[in-house]
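# Sequence and predicted model, in that order:
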Amino acid sequence: MDLSQFKKDFISEAEALLTNLDNLLLELEKEPGSKLHVNEVFRVMHTIKGASGMYGFEKVVEITHELESLYDLIREDKLRVNKELIELTFLTADHIRSLLADENVQDSKNIEQHAIILKYVEQVKKQIDGYEEAISSKYAGESVKNMQLMGSATWNILFYPNDEIIKRAINLIYTFHDLFQLGDYKIENQPFGKKNKQYWSIFLFTDKPYDEIESALLFVMDYCIIVRVADFNIFEPTGFENRELMLKESENTEQTTEQNIHHVLPDISQYKEKNASYNPKNITTHINVDATKLDSLMYLVSELVTTKSELILALQRQNYEKATDAAEKIEKLTKGFSENAMKIRLVSLKEMLSKFKRHIRDLASQLDKKIDFVISGEDTELDKNIIDSIAEPIMHIIRNCIDHGIEIPSKRAERNKPEIGILSFDAKKVGNYVYITIGDDGNGIDTDYIYNKAVEKGFVPAGIELSQKEILKLIFLPGFSTAQNLTNVSGRGVGMDIVLSKMRETRGEIVVDSIKGEGTAFTLKLQQTISIIETLLVAANNQTYAIPLEDVEVCELTSMENTYNQRSGLVVYNNELIPSLHIRKQLCGAAALDLNQTERIVIVNKQNRRFALIADNIIGEFQAVVKPVGRAFNDVKFLSGASLLGDGSIALLLDTDKLWYEISNEQKIA
């Protein structure tokens, strides 16, 4: 049996679990005393350990088992969460990622890191063992009953079943029969919870360890939360009295061991690679799809199969009226398919942002800054391809905000700002567009410095006057940097041309707003999907071109002699002169223009920048399925894709942004 596909699925699920682990650790870092978060971290590691063993990742099993043992000590109040433990867990999570990519553990770095982590955990265990021996010697003379009481505990199991249990055909009778064999139990008569998430509460007193409880609940662990609520029997009144007695007798021991509990973990900084930080993967290979979308897709498939049969039968009987009706129905179904496919491809920004949280935490720690990452609109949906394309530029913007935007706490205090800087991410959908704003409350951008730097480097002629928006656009020029001190993290302006390039690839826009000393905001305007778009087809020199319909303001049939100035390349539109580009001459390399003929003019309005495209013919509207162009078109810089037409020919999709910049440069040269 070929397990390669199952193994691939496991690795994908493990990556998702590790991302979840990162976010749990961030919450645990804020609330070190949270038993709920500790139990969730333990549960994630246990899940990874169990699945890793099934697919032969023995090193992953080994490392998760060791770390799992530390969190088990936390749950037994023998160890406390502190900065060192959090760092160790992050370090282990990154190591597991490396092991998943290096199944046979052949990379020397992975071998070395594995040994380091195991050695560190062993050091911790030795100190804990000393603590356990001290406790054991204290109670060496205690009665058997009291010793049994120390090993016993009352557990609370929250069980929240759903329909998946029925689909998996799990027999709950046998499951809970095994659980109740472990000790005394009590079940709440009524479930409690909110809306559809109903819980059953079970209290269990047993002298058995956590592993046996988990084994009993093996098949329903995904639907359970297990919490240790007391180290005595809460069902017996004497249990509380015995507990009080034990607390008084152990008071002196607690005073001598309190320091060990707090400072048991050795310094971990020596094991961390200098300036290392978690770098999330940008590409997602799996997406979760709402079942209703799949139901809609299956309905469309069934309708298409039925309609195809109707069409074939009508053609066989030469009933062209019914054949026409079937063809029209197929056209409607095709549109339904395209809309459904686009909805299936829509993915919320939550998954991308969940990967960013850990990276932001590491960068802030590396730069000795305190940062609060504030998110709103994370449920906003975008096409998966767009999310994969913009993840890198968004991460670059975030790194710039952290490195050169938000100040260190001491400098913020001097400016009467809270020592914790705010890094904000806001997303919202307006029509067919999604607006993403990434901002910080830090230094802001010094426009005077940018202007002087641009003049110094020759990007701007000396003495020319520019507005604030025009100055801020200079940071997107290739090779232009405003960073006064380059760091290992980023430099404001370094690579911002790549950000702009990525935005243009997705036919998006980016705007920068900044106030010196108060902060900076980057606003990204993106289409929700770009796989299937409405276009206007035009023809020039026997080649068909597609123009995004949303960029088209108007189409006109006019005489070139009256509207076109051959020397300046300007066209008269609404009593104004606007720049133009003749498709046949400048894109097709055809002969000179004939000013006596009638031409078709398409007025394009992109970001309030208006220009004219002159074509031989206007064909009409067309819903284009956009495909990337091949290597043969690498030298054609005005194309952003291609689409196959009904007759088998190809329509080339024009990039209106690149056309505008070409026209602008020609006008400057002229």
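Ah, there it is. It should be emphasised that the depicted structure is a prediction, and the values quoted were computed from it without experimental measurement.

# only C-alpha atoms for contact and neighbour calcs from this point on.
OK.

# roughly how far apart are residue 365 and residue 408?
Using CA to CA, to the nearest Å, one gets 11 Å for the distance from residue 365 to residue 408.

# Which of these two has more residues huddled nearby?
Counted by other CA atoms under 10 Å, residue 365 and residue 408 do not tie: residue 408 has more neighbours, with 21 against 14.

# which residues sit in contact with the more buried one?
Contacts for residue 408 (CA atoms under 8 Å, 6 or more residues apart in numbering) come out as 367, 368, 369, 370, 419.

# could you pull out the strands for the stretch 101-250 of the chain?
Counting by DSSP state E, counting those that start in this stretch, one finds strands in the stretch 101-250 of the chain at the ranges 153-159, 184-187, 192-194, 197-206, 224-230.

# Parallel or antiparallel, list what pairs with the last one.
Going back to what we said before, that points to strand 224-230. Next to strand 224-230 in the sheet, as set by DSSP bridges, lie strand 153-159 (antiparallel).

# swap in the fourth one?
For strand 197-206, the paired strands and their directions (DSSP bridges) are strand 153-159 (antiparallel), strand 184-187 (antiparallel), strand 192-194 (antiparallel).

# In a markdown table: these, plus mean neighbour count, distance to residue 75 and mean pLDDT.
Shown next, in a markdown table, are the strands paired with strand 197-206 (neighbours: other CA atoms under 10 Å; distance: least, CA to CA, whole Å; pLDDT from 0 to 100):
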| stretch | mean neighbour count | distance to residue 75 | mean pLDDT |
| --- | --- | --- | --- |
| strand 153-159 | 21 | 12 | 86 |
| strand 184-187 | 14 | 21 | 86 |
| strand 192-194 | 11 | 25 | 53 |
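
# Redo those as a markdown table? Include distance to residue 99.
Below are the strands paired with strand 197-206 laid out as a markdown table (distance: least, CA to CA, whole Å):
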| stretch | distance to residue 99 |
| --- | --- |
| strand 153-159 | 33 |
| strand 184-187 | 42 |
| strand 192-194 | 39 |
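
# closest to residue 602 out of those strands?
Smallest distance to residue 602 across those (CA to CA): 56.9 Å, for strand 192-194.

# secondary structure class for the residue lying closest to residue 510 once chain neighbours are set aside?
Nearest non-adjacent residue to residue 510, counting by CA to CA, 6 or more residues apart in numbering: residue 524, 4.6 Å away. Classification of residue 524 using DSSP: H, G, I helix; E, B strand; the rest coil returns strand.

# Isn't residue 524 up against residue 506?
No - Residue 524 lies out of contact with residue 506 (CA atoms under 8 Å); the separation is 11.0 Å.

# Give the buried residues for stretch 160-177.
The neighbour-count check on stretch 160-177 (16 or more other CA atoms under 10 Å) flags 160, 161, 175 as buried.

# typed the wrong thing, it's stretch 458-467
Residues residue 460 are the ones in stretch 458-467 that count as buried (16+ other CA under 10 Å).

# contacts for that stretch?
Everything outside stretch 458-467 that qualifies as a contact, by CA under 8 Å, 6+ apart, is 451, 454, 455.

# So which of those belong to helices?
Secondary structure defined by DSSP state H assigns 451, 454, 455 of the contacts of stretch 458-467 to helices.

# before we move on, back to that, so which of the buried residues of stretch 160-177 are in helices?
Residues of the buried residues of stretch 160-177 located in helices (DSSP H): residue 175.

# For the buried residues of stretch 160-177, please prepare CSV with the additional fields distance to residue 439 and pLDDT.
What follows is the buried residues of stretch 160-177, written out as CSV (distance: CA to CA, whole Å; pLDDT from 0 to 100):
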residue, distance to residue 439, pLDDT
160, 40, 81
161, 41, 81
175, 51, 82
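
# Distance to residue 641 for the buried residues of stretch 160-177 - can I get that in CSV?
Converted to CSV, the buried residues of stretch 160-177 look like this (distance: CA to CA, whole Å):
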residue, distance to residue 641
160, 49
161, 48
175, 57
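
# Nearest to residue 446 among the buried residues of stretch 160-177?
Nearest to residue 446 among the buried residues of stretch 160-177 is residue 160, at 54.8 Å by CA to CA.

# Pull the number of nearby residues for the residue nearest to that closest one when sequence neighbours are not counted.
Excluding its sequence neighbours, the residue lying closest to residue 160 (CA to CA, 6+ apart) is residue 199, at 4.4 Å. By the measure other CA under 10 Å, the count of residues near residue 199 is 20.

# Could you give the bridge partners of residue 199?
Taking DSSP bridges, one obtains residue 192 as the residues bridged to residue 199.

# And it, how far from residue 188?
10 Å.

# coming back round to it: of the strands paired with strand 197-206, give the one that comes closest to residue 13.
strand 153-159 (23.2 Å).

# okay, that closest one in CSV with CA atoms only?
Extracted C-alpha coordinates of strand 153-159, given in CSV (Å, rounded to 0.1, in the frame of the first residue of the first chain):
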residue,chain,number,x,y,z
ALA,A,153,-6.7,13.3,41.9
THR,A,154,-10.1,14.5,40.8
TRP,A,155,-10.3,15.3,37.1
ASN,A,156,-12.9,17.2,35.1
ILE,A,157,-13.6,16.0,31.6
LEU,A,158,-15.5,18.4,29.3
PHE,A,159,-17.0,16.4,26.5
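
# quick one: it to chain centroid distance?
35 Å (CA atoms, centre = their mean, to the nearest Å).

# now stretch 301-320
The mean C-alpha position of stretch 301-320 is separated from the chain mean by 44 Å, CA atoms, centre = their mean.

# CA atoms only for it, dumped as PDB, please.
The C-alpha atoms that make up stretch 301-320 are tabulated as PDB, following Å, rounded to 0.1, in the frame of the first residue of the first chain:
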ATOM      1  CA  VAL A 301     -22.700  19.100 -12.100                       C
ATOM      2  CA  SER A 302     -25.900  17.100 -12.100                       C
ATOM      3  CA  GLU A 303     -27.700  19.900 -14.000                       C
ATOM      4  CA  LEU A 304     -24.900  20.000 -16.600                       C
ATOM      5  CA  VAL A 305     -25.000  16.200 -17.100                       C
ATOM      6  CA  THR A 306     -28.800  16.400 -17.600                       C
ATOM      7  CA  THR A 307     -28.600  19.300 -20.000                       C
ATOM      8  CA  LYS A 308     -25.800  17.700 -22.000                       C
ATOM      9  CA  SER A 309     -28.100  14.700 -22.600                       C
ATOM     10  CA  GLU A 310     -30.900  17.000 -23.700                       C
ATOM     11  CA  LEU A 311     -28.500  18.700 -26.200                       C
ATOM     12  CA  ILE A 312     -27.300  15.400 -27.700                       C
ATOM     13  CA  LEU A 313     -30.800  14.100 -28.000                       C
ATOM     14  CA  ALA A 314     -32.100  17.300 -29.600                       C
ATOM     15  CA  LEU A 315     -29.200  17.300 -32.200                       C
ATOM     16  CA  GLN A 316     -29.900  13.600 -33.000                       C
ATOM     17  CA  ARG A 317     -33.500  14.400 -33.700                       C
ATOM     18  CA  GLN A 318     -32.500  17.700 -35.400                       C
ATOM     19  CA  ASN A 319     -34.800  19.600 -33.100                       C
ATOM     20  CA  TYR A 320     -32.800  22.800 -33.200                       C
END
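
# which other residues reach that stretch?
Residues from elsewhere that reach stretch 301-320 (CA under 8 Å, 6+ apart): 322, 323, 326, 327, 329, 330, 333.

# 7 Å instead, please
Residues outside stretch 301-320 that contact it (CA atoms under 7 Å, 6 or more residues apart in numbering): 322, 323, 326, 330, 333.
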